[in-house]
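**Q** Structure, please.
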Amino acid sequence: MTESIRLPASTLKPSTIALPGSKSISNRTLLLAALSDNVCEIHSLLKSDDTDRMLEALDKLGVQIESLPEGRLKVHGSGGRFPNQTADLFLGNAGTAFRPLTAALAVLGGDYHLHGVPRMHERPIGDLVDALRIAGADVQYLGNENYPPLQIGKRKDNGERVIPIKGNVSSQFLTALLMALPLTGQAFEIHMVGELISKPYIDITLKLMAQFGVDIINENYRVFKIPAGAKYHAPEHLYVEGDASSASYFLGAGLIAGTPIRVTGIGAHSIQGDVAFARELEKIGADVIWGENFVEISRPAERKIQAFDLDANHIPDAAMTLAIVALATKQPCTLRNIGSWRVKETDRIAAMATELRKLGAEVVEEAEAIHITPPETLTSDAVIDTYDDHRMAMCFSLASLLGVPVIINDPKCTHKTFPDYFQVFASLTK
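**A** Residues are numbered from 1 along each chain as shown. Next comes the predicted model:
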């Protein structure tokens, strides 16, 4: 029997939400700290399924990690090599753990088995494996070609120092390669083949690597130069920003409800590209206030939410929230250049189209776009399937702010990034 939660038609009260830590920053930080030559204390780390999988993997690889009060962690870096050269690593459906660990382990070499849930074995990894093999890595597919599970062996340095990689499926492949190649101590150039999507996520990677002492030369996102002799050295203390993708649900709620909603943990100088979501809301009717550690959204009652036709390649995760905002515009809306949705936790274009239709919307899906025409009146008590995808569950919670109750199946799928999301969402309602 599928567990579900019914969200009544709701209005909001002015509220402030402290965001959980960023998933993207949390898992990158854990891996970089584990590979550093010193000790790093991490503050405000996200506690979720994805970070749990990374922490379990690092433990199996022999990295010493201490739990401290107030959710802090002390990571004792292993100096660029993992103590355990053999490990069986189950990584669930955590792409932010699976892809970077694949690259780091392949570059270092050993005897490693990496696997996950069935959906992870449907998420492509061939472009990353192809690049790692050019760098001399031994990576074998244990199931279908180009997909996990993987077996990693010993790398042979073949002298190749220019590594091409495709960037049109997932920016996590480039992130993984950028983080792993400095472990060789050799100079490398990574050359992009075709279009690189989700560039703001690469910016997160480069900024974090710089905080850990490795500066990459970025030549217009076409060539990335890794210096010889690079070593990771962690900051003594590192504070994880709030999750800008998770912020999108509350900022979207503030726009839809016309109620001031403030999120803390991100701000005007956040390193996360998804803060641009607030700027997209501003274009369609929101008033936005930017602070150093907060963003606040509101909308005057007399101002209507405008329709949009948006290239959302720069905010692929947060753009899912705009698919629900589209219903509030009462006009046709389009999200373009979102092909990466197809290879996420589920095929998000297909899933979004299916569930929006349950609310009465007309939806046309394309390979890399979705066109949404809202109904005159939304269907009441629509039962929304979530596909074991945290973002589907959180997005569709906003439908309850549009005058109808909505039922969300498998609400616990939010544990991937935001375990108490529905309690926090309920705290906003009158």
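**Q** Not including adjacent chain positions, what is the nearest residue to residue 429?
**A** The shortest distance from residue 429 to any non-neighbouring residue, by Cβ to Cβ, 6 or more residues apart in numbering, is to residue 10 (4.2 Å). In short, each C-beta sits where N, CA and C put it, glycine included.
**Q** And the pLDDT at the one you found?
**A** Here, the pLDDT recorded for residue 10 equals 97.
**Q** what does the one 3 residues further on give?
**A** Looking at residue 13, its pLDDT reads 98.
**Q** measure it to residue 265 for me?
**A** 20 Å (Cβ to Cβ, to the nearest Å).
**Q** try residue 392
**A** Distance of residue 392 to residue 265, computed by Cβ to Cβ: 23 Å.
**Q** more crowded one of residue 13 and residue 265?
**A** Between residue 13 and residue 265, residue 265 has the larger neighbour count (other Cβ atoms under 10 Å), namely 23 against 12.
**Q** quick one, what contacts the more buried one?
**A** 18, 19, 20, 21, 44, 241, 242, 243, 247, 293, 294 (Cβ atoms under 8 Å, 6 or more residues apart in numbering).
**Q** what do you get if the cut-off is 10 Å, keeping everything else the same?
**A** The contact partners of residue 265, taken as Cβ atoms under 10 Å, 6 or more residues apart in numbering, are 17-22, 44, 239-244, 246-247, 293-295.
**Q** so what's residue 383 bridging to?
**A** residue 407 (DSSP bridges).
**Q** unless I'm mixing things up, it is touching residue 354, no?
**A** No - assessed by Cβ atoms under 10 Å, residue 383 is found out of contact with residue 354, at 11.7 Å.
**Q** Among the contacts of residue 265, name the ones in helices.
**A** If you go by DSSP state H, the contacts of residue 265 have 244, 246, 247 in helices.
**Q** which residue sits closest to the last one in space, ignoring its chain neighbours?
**A** Read it as residue 247. That would be residue 263: by Cβ to Cβ, 6+ apart, it lies 4.5 Å from residue 247.
**Q** do you know how far residue 93 is from residue 172?
**A** Distance from residue 93 to residue 172, by Cβ to Cβ: 13 Å.
**Q** same check, this time on residue 163
**A** 16 Å.
**Q** May I have the phi/psi pair for residue 366?
**A** Phi and psi for residue 366, reported as degrees, to the nearest 10, are phi -120, psi 180.
**Q** Report the contact partners of it.
**A** Applying Cβ under 10 Å, 6+ apart, we find residue 366 in contact with 334, 336, 338, 339, 349.
**Q** Could you verify my assumption that the first one touches residue 319?
**A** No - under the contact definition of Cβ under 10 Å, residue 334 does not touch residue 319, with a separation of 11.1 Å.
**Q** ok, the two, which is more surrounded?
**A** Legend: neighbour count by other Cβ under 10 Å for residue 334 and residue 319, higher for residue 319 (27 against 18).
**Q** May I have the predicted confidence score for that one?
**A** 97.
**Q** ditto for residue 1
**A** On the pLDDT scale, residue 1 is placed at 71.
**Q** and it, how far is that from residue 148?
**A** 30 Å.
**Q** Neighbour count: the two, which is higher?
**A** The neighbour count for residue 1 versus residue 148, taken as other Cβ under 10 Å, is higher for residue 148 (23 against 3).
**Q** Helices of the chain, start to end?
**A** So, for the chain - with DSSP H - the helices run 23-34, 49-60, 95-108, 126-134, 171-180, 199-211, 244-257, 276-283, 319-329, 348-358, 390-397, 421-428.
**Q** Next, the angle from the first one to helix 244-257.
**A** To tie it back to what came earlier, the one meant is helix 23-34. Counting by axes from the mean of the first three to the mean of the last three Cα atoms, to 10 degrees, helix 23-34 lies at 160 degrees to helix 244-257.
**Q** for residue 153, phi and psi?
**A** phi -120, psi -150.
**Q** Name the nearest residue to it, sequence neighbours excluded.
**A** That would be residue 138: by Cβ to Cβ, 6+ apart, it lies 3.6 Å from residue 153.
**Q** The one you found against residue 132, yeah?
**A** Yes - between residue 138 and residue 132 there is a contact at 8.9 Å, judged by Cβ under 10 Å.
**Q** Find residues that contact each of those two.
**A** Shared contacts of residue 138 and residue 132, defined by Cβ under 10 Å, 6+ apart, are found at 106, 152, 155.
**Q** and the closest residue to the first one other than its chain neighbours, how many neighbours does it have?
**A** Just to be clear, that refers to residue 106. Spatial nearest neighbour of residue 106, excluding adjacent residues (Cβ to Cβ, 6+ apart): residue 137 at 3.8 Å. Residues lying near residue 137 (other Cβ under 10 Å) number 24.
**Q** OK, contacts around residue 137?
**A** Counting by Cβ under 10 Å, 6+ apart, residue 137 has contacts 102-103, 105-109, 128-129, 131, 152-156, 158, 180.
**Q** and what of residue 374?
**A** With contact taken as Cβ under 10 Å, 6+ apart, residue 374 is in contact with 307, 326-333, 356, 359-362, 402.
**Q** which among the residues you listed end up buried?
**A** Buried subset of the contacts of residue 374 (neighbour count, 16 or more other Cβ atoms under 10 Å): 326, 327, 328, 329, 332, 333, 356, 359, 360, 361, 402.
**Q** The fourth one contacts residue 310, correct?
**A** No - here residue 329 does not reach residue 310: they are 11.9 Å apart, not a contact under Cβ under 10 Å.
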